[in-house]
Every structure is written in structure tokens, then in C-alpha cells.
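1. pasting the structure only:
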């Protein structure tokens, strides 16, 4: 036992085991959620064998957080992204979770609704929904020639409980698909984030105005999912830097501090925060208010990840583009070997190219 403790003491901080909720992770190297647009099937939203191979290649991560997965047909805003609302989706994901588990890996499903970041092209002619009728700047993903976003339809107050139920049903489906837990996508300017931040939420009902009201939808979704999984199998994805899809907030530290305090009271397993390190980072302050595991994400190198762990700013680090390019990332960190170089032009390409053809160390 003493020899084992000494070995752990001397290893890379990223390689040390970690308890997250009631799960035991073999390392602190997290695979970040990464949209790859490789789903297929009759609806274009069904996980498939190619995706199973992709995740299986990366099963040495301490925890895989899947690509964002839509809770309903109205929640989509990109082509060929997976869903979790149908029997086919559940069966497709189940094949993936079983393959990863056979390699000793663990997976959380990220639950997603894009809100206003969509277009009638993806919604059978219907307008996207959002807390308020304000379109983000920019263009609809993967549509050529470029098509600008349209103003969404503001949700009626009486419609919001149905959305909460859809999140709960998606969490139930994730359990049927044999995931180890779920992460709520509360970041990057998608629906939950749109409710949270004052720049995108101009409502005057109980879901708008003060911080408590703007965070209400997020907390109702969290409570609904906890009722399915228990708090120790639930995580939350946040983007405190507010740098996606025209997000803004009048009092960002107060807003995200309130969220951290509320999530701490609910005792969820972790917060994963997409926020690169800078002097204006909100993460260190948020981390002090949250008593669960805090996962840092965005632009981390091996050196900066180790330094953040050493300082105690984070408990684990989620790697995104580096996990796309280097399927055996944990092994290379352990052996001190060079990582592969990502090929961004293939991130959303169909098929194997840039998806499952990156070389392993022994190749």
C-alpha cells in the first residue's frame, strides 16, 4: 500500500485517480463534448457504428462527455448531430456505452437544446424557440450559401414546463442507454444559457428579470434530472466567458456565482467550465462557491493543465481538439510523448476522414 501511495504521489497530476460524485475515475483527463456531425439513420440523428469506434478509441479518458445530444426534434440546430428522444437513438447509444464500458471507460451524455441557435431549415419549417425574440448575429451552421439566423419565437410561460419534462425524459432515455450519468448543456449561448443571461432574456414573467428568475429554468431542469439520476450522476456545463452566439450579461460574476451556489446546494457531481485562463476569468471565484468537482476546459496545454491542478484552480481538465487528434491522449501524457496535430478542416466532414483515422502511438 505504501508503494502504491508513493507511485501516485510521483505521477502526473492529470494521471491521478479522482472521485466524481459516486464514480471513481482512473485519471483526471476528461474528453470534452465535441460536435462532430457523424450521426445517421432515417432521421439523421441516430448514433452509429462509426461513432462507437470513435468513442472506443478514446476510452482511456477518465470520463468521456459525449457530443451535445438533442433532447427533442425542436432542440436541433446542426446537421447530423445525435438525439436521445427515440428508441433508435437509445439503442444506438447503448451499443456505444457498452463498448466503452468493456474497455473500462465511463461516459456521461450531454443533454442539449439549442434554442435560438437554429433555423426553420432544421425544424421542419417551424421557428426556433427562445426566452425572447432576439436572433443572434451570424449564420446558421453548415448551410451554404450562408443563411443568417432568424428571430426566434418567444416561449409562452405555460410552454416551459413541457421543456423541463423533455429534459427529464431525455435523462430517462440516457439511463436506458446505460450511460454513467448526464451533463446538462448550460453553456455556449444555447437555450439554458439564453434564459440565464440578461442580454438574451428580456422576459417579464417568473423566468426573467432578476438573477433568481433567469436561473429558474436551469434549476428546474437540474431538479428534474436529479429526480432521475440523483445528484451524484449529474454535471453542468457552463461558459462564464460568455463568448459564443452573442451572449452577454449585465452582472456576470453575480449571475454565475448564484448558479454555483445553487448547484452546490443540490450537490451535483461537477461543473465543467469552458473558459480559457486569463486575468478576467470568473472560474476561480466560481470554484470557491461550488463544493463539487470543478473541471476546467478550453485551450489547456499539458503544462497549463498541470499548473492549474497544482494551484487547486481545477480538479480535472477537459481536452477538446487535442482529443479529436490524439485518441490515446492519456497514454501519451503518461509516456511523455508528442500529441498529434488536429486537422480542423475535417471536424465536421462525413465519414472516417479526420474522425477515426488519427494515428495511435504504436502506429
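-> In hand now; what should we look at? Note that the structure is predicted; figures quoted are calculated from it, not measured. Numbers count the residues shown, from 1 in each chain.
2. This protein: strands as residue ranges?
-> Under the criterion DSSP state E, the chain carries strands at the ranges 18-20, 23-25, 29-31, 63-65, 69-70, 107-112, 129-130, 153-154, 181-185, 234-238, 270-274, 293-297, 316-319.
3. what's the closest of those to residue 89?
-> strand 69-70 (8.1 Å; CB to CB). From N, CA and C alone the C-beta is placed, and that goes for glycine too.
4. Which among the strands of the chain is found nearest to residue 305?
-> strand 316-319 (4.2 Å).
5. coming back round to it: let's have the strands of the chain in CSV, adding mean pLDDT.
-> As requested, these are exported to CSV (pLDDT from 0 to 100):
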stretch, mean pLDDT
strand 18-20, 98
strand 23-25, 97
strand 29-31, 98
strand 63-65, 98
strand 69-70, 98
strand 107-112, 98
strand 129-130, 98
strand 153-154, 98
strand 181-185, 98
strand 234-238, 98
strand 270-274, 98
strand 293-297, 98
strand 316-319, 98
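6. and these as JSON lines, adding distance to residue 142?
-> Listed next are the strands of the chain as JSON lines, based on distance: least, CB to CB, whole Å:
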{"stretch": "strand 18-20", "distance to residue 142": "33"}
{"stretch": "strand 23-25", "distance to residue 142": "33"}
{"stretch": "strand 29-31", "distance to residue 142": "23"}
{"stretch": "strand 63-65", "distance to residue 142": "22"}
{"stretch": "strand 69-70", "distance to residue 142": "15"}
{"stretch": "strand 107-112", "distance to residue 142": "16"}
{"stretch": "strand 129-130", "distance to residue 142": "20"}
{"stretch": "strand 153-154", "distance to residue 142": "22"}
{"stretch": "strand 181-185", "distance to residue 142": "19"}
{"stretch": "strand 234-238", "distance to residue 142": "22"}
{"stretch": "strand 270-274", "distance to residue 142": "21"}
{"stretch": "strand 293-297", "distance to residue 142": "23"}
{"stretch": "strand 316-319", "distance to residue 142": "24"}
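7. Adding mean neighbour count and distance to residue 11, write those strands out as JSON lines.
-> Output for those, formatted as JSON lines (neighbours: other CB atoms under 10 Å; distance: least, CB to CB, whole Å):
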{"stretch": "strand 18-20", "mean neighbour count": "19", "distance to residue 11": "13"}
{"stretch": "strand 23-25", "mean neighbour count": "17", "distance to residue 11": "14"}
{"stretch": "strand 29-31", "mean neighbour count": "28", "distance to residue 11": "12"}
{"stretch": "strand 63-65", "mean neighbour count": "28", "distance to residue 11": "18"}
{"stretch": "strand 69-70", "mean neighbour count": "28", "distance to residue 11": "33"}
{"stretch": "strand 107-112", "mean neighbour count": "28", "distance to residue 11": "24"}
{"stretch": "strand 129-130", "mean neighbour count": "24", "distance to residue 11": "46"}
{"stretch": "strand 153-154", "mean neighbour count": "16", "distance to residue 11": "52"}
{"stretch": "strand 181-185", "mean neighbour count": "28", "distance to residue 11": "26"}
{"stretch": "strand 234-238", "mean neighbour count": "27", "distance to residue 11": "25"}
{"stretch": "strand 270-274", "mean neighbour count": "27", "distance to residue 11": "22"}
{"stretch": "strand 293-297", "mean neighbour count": "25", "distance to residue 11": "19"}
{"stretch": "strand 316-319", "mean neighbour count": "26", "distance to residue 11": "15"}
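8. Figure out which of the ones you listed is closest to residue 144.
-> Using CB to CB, the nearest of the strands of the chain to residue 144 is strand 69-70, at 22.0 Å.
9. and the closest residue to residue 103 other than its chain neighbours, how many residues sit next to it?
-> Excluding the flanking residues, the one nearest residue 103 by CB to CB, 6 or more residues apart in numbering is residue 59, at 3.9 Å. Residue 59: 20 surrounding residues under other CB atoms under 10 Å.
10. And for residue 50, the neighbour number?
-> 16.
11. The closest residue in space to it that isn't next to it in sequence and residue 196, how far apart?
-> Closest residue to residue 50 apart from its sequence neighbours, by CB to CB, 6+ apart: residue 38 at 5.8 Å. Here residue 38 is placed at a distance of 30 Å from residue 196 (CB to CB, to the nearest Å).
12. With residue 182 instead?
-> On the measure of CB to CB, residue 182 and residue 196 end up 19 Å apart.
13. again with residue 133
-> 17 Å.
14. how many neighbours does the residue lying closest to residue 223 once chain neighbours are set aside have?
-> Nearest non-adjacent residue to residue 223, counting by CB to CB, 6+ apart: residue 266, 7.2 Å away. Residue 266: 15 surrounding residues under other CB under 10 Å.
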